[in-house]
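Colleague: next come a sequence and a model predicted from it.
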Amino acid sequence: MPIIKSAKKRVHTARKATVRNAKTKRNLKEALKSFQKSLDNDKKNAVALLQSAQSQLGTAGKKHVMHKNKVARKQRQLAKAAKTAGIKITAAKSVAKKVTPAKKTPAKKPAVRKTSKKA
């Protein structure tokens, strides 16, 4: 058991990270398996499961559970598997809202005080 305060903290944070990483890995494996099963059986839900699996991969990469290049490779492999299975992936419609910038009032210059110097 560590004695130094910083070492105690590292043990605590390492435990928290281990739990978080295990949860991320478990969710990722579950998403990948469900997508692979949907390719064989239920192609109706395959698009949603593909998006879920790719999202879980992105989360794993973001939390540094997997390397970002491995995440990208796995996402490409999933998309390729979906394409060869004949699943049409439709891009989500993004409705771009026109954002008008808020008008700012010009900053007022500070008043200059005139000081009279008498010599």
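Modeller: Arrived safely.

Colleague: just the pLDDT for the residue nearest the centre of the chain.
Modeller: Nearest residue to the geometric centre of the chain (Cα atoms, centre = their mean): residue 59, 4.9 Å. Looking at residue 59, its pLDDT is 95.

Colleague: all helices for this structure, in order.
Modeller: Listed in chain order, the helices of the chain (DSSP state H) span 5-40, 46-62, 68-84.

Colleague: next one: the residue nearest to the centre of the chain from residue 89, what distance?
Modeller: Here the criterion is Cβ to Cβ, to the nearest Å. By it, residue 59 lies 20 Å from residue 89. To be clear about C-beta, it is placed using only N, CA and C from the backbone, and glycine gets the same treatment.

Colleague: what does residue 29 give?
Modeller: Using Cβ to Cβ, one gets 22 Å for the distance from residue 29 to residue 89.

Colleague: of all the helices of the chain, which one is nearest residue 103?
Modeller: helix 46-62 (36.5 Å; Cβ to Cβ).

Colleague: quick one: that closest one to helix 5-40, angle?
Modeller: An angle of 160 degrees separates the directions of helix 46-62 and helix 5-40 when computed by axes from the mean of the first three to the mean of the last three Cα atoms, to 10 degrees.

Colleague: report the backbone C-alpha coordinates of helix 46-62 in PDB.
Modeller: What follows is helix 46-62 as a C-alpha-only set of coordinates in PDB (Å, rounded to 0.1, in the frame of the first residue of the first chain):
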ATOM      1  CA  ALA A  46     -28.100  -2.900 -39.500                       C
ATOM      2  CA  VAL A  47     -27.800   0.800 -40.300                       C
ATOM      3  CA  ALA A  48     -28.600   1.800 -36.700                       C
ATOM      4  CA  LEU A  49     -26.300  -0.900 -35.300                       C
ATOM      5  CA  LEU A  50     -23.600   0.200 -37.700                       C
ATOM      6  CA  GLN A  51     -23.900   3.800 -36.400                       C
ATOM      7  CA  SER A  52     -23.900   2.600 -32.800                       C
ATOM      8  CA  ALA A  53     -20.800   0.400 -33.400                       C
ATOM      9  CA  GLN A  54     -18.900   3.300 -35.100                       C
ATOM     10  CA  SER A  55     -19.900   5.600 -32.300                       C
ATOM     11  CA  GLN A  56     -18.600   3.200 -29.700                       C
ATOM     12  CA  LEU A  57     -15.400   2.900 -31.600                       C
ATOM     13  CA  GLY A  58     -15.100   6.700 -31.700                       C
ATOM     14  CA  THR A  59     -15.600   6.800 -27.900                       C
ATOM     15  CA  ALA A  60     -12.900   4.100 -27.400                       C
ATOM     16  CA  GLY A  61     -10.500   6.200 -29.400                       C
ATOM     17  CA  LYS A  62     -11.400   9.400 -27.600                       C
END
